[in-house]
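Colleague: Sequence and predicted model, in that order:
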Amino acid sequence: MSKANLDERQLLKRNKAGNQSFMLLAFLLLADMGLHNYGIQWLKYPLSNYVIFMIGVGSYLVRLIWNGSYIGPGREGLTANSRSAAVILLSILIAVCIIIAARMSPSPIIPDGSASGNAILIISAAVGVVILSLVYWIRRRNNRDEA
């Protein structure tokens, strides 16, 4: 047993999800490089790599939660509902702070069409809220099936 108290099935599913997400990330980066070589640029340089990275990491996190491989069966402490509520409230607070900070600073889009740090922060906050929504929905679906 690992420090996270995952059983063997959870460890196998976690490792499988990690390997497949890494391969997805590598293939998406290669596809982006190939498209860029043919003159097709769907986003400017730093933003395209960031979006591809978020797709890879997001797919890994969603698959971990979907398979129930993110926490072991023998965890003590906070209940799942109170932990979920605390994480959701904290992430919404952070997302609101990021959006307010980005709105108070200069324009997030530079006139030549490339993205600045503010646009990347806003996208990060939005992706985080989407991932938390998916986590909540998956947990409710899994708990409904067990009941």
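Modeller: Great, that's in hand.
Colleague: Could you measure from N143 over to G58?
Modeller: Distance of N143 to G58, given as C-beta to C-beta, to the nearest Å: 22 Å. For every residue, glycine as well, the C-beta is placed using N, CA and C.
Colleague: More neighbours: which of the two?
Modeller: Set N143 next to G58 and count neighbours by other C-beta atoms under 10 Å: G58 wins out with 16 against 11.
Colleague: Number of residues surrounding R14?
Modeller: 20.
Colleague: likewise the one 5 residues further on?
Modeller: Here the count is done by other C-beta under 10 Å, and N19 has 11 residues near it.
Colleague: what do you get for E8?
Modeller: Burial measure for E8: 8 neighbouring residues, criterion other C-beta under 10 Å.
Colleague: which element follows the lowest-mean-pLDDT helix or strand in the chain toward the C-terminus?
Modeller: Using mean pLDDT, DSSP states H and E, helix 80-104 stands out as the lowest-scoring helix or strand of the chain, at a mean of 69. Where DSSP states H and E defines the elements, the next helix or strand beyond helix 80-104 is helix 117-146.
Colleague: same question for that following helix, mean pLDDT?
Modeller: Across helix 117-146, pLDDT averages out at 73.
Colleague: Which elements pack onto that helix?
Modeller: Here helix 117-146 touches helix 45-67, helix 80-104, going by 3 or more C-beta pairs under 8 Å, 6 or more residues apart in numbering; DSSP states H and E.
Colleague: quick one, it and helix 45-67 angle?
Modeller: Angle of helix 117-146 versus helix 45-67, following axes from the mean of the first three to the mean of the last three C-alpha atoms, to 10 degrees, is 10 degrees.
Colleague: What separation is there between L89 and L132?
Modeller: From L89 across to L132, the span is 10 Å (C-beta to C-beta).
Colleague: Over to W42?
Modeller: Note on W42: its distance to L132, by C-beta to C-beta, is 26 Å.
Colleague: who's more crowded, these two?
Modeller: Under the criterion of other C-beta under 10 Å, the comparison of W42 against L132 puts L132 first, with 18 against 10.
Colleague: wait, the more buried one sits on S91?
Modeller: Yes. With contact defined as C-beta atoms under 8 Å, L132 reaches S91; the gap is 5.4 Å.
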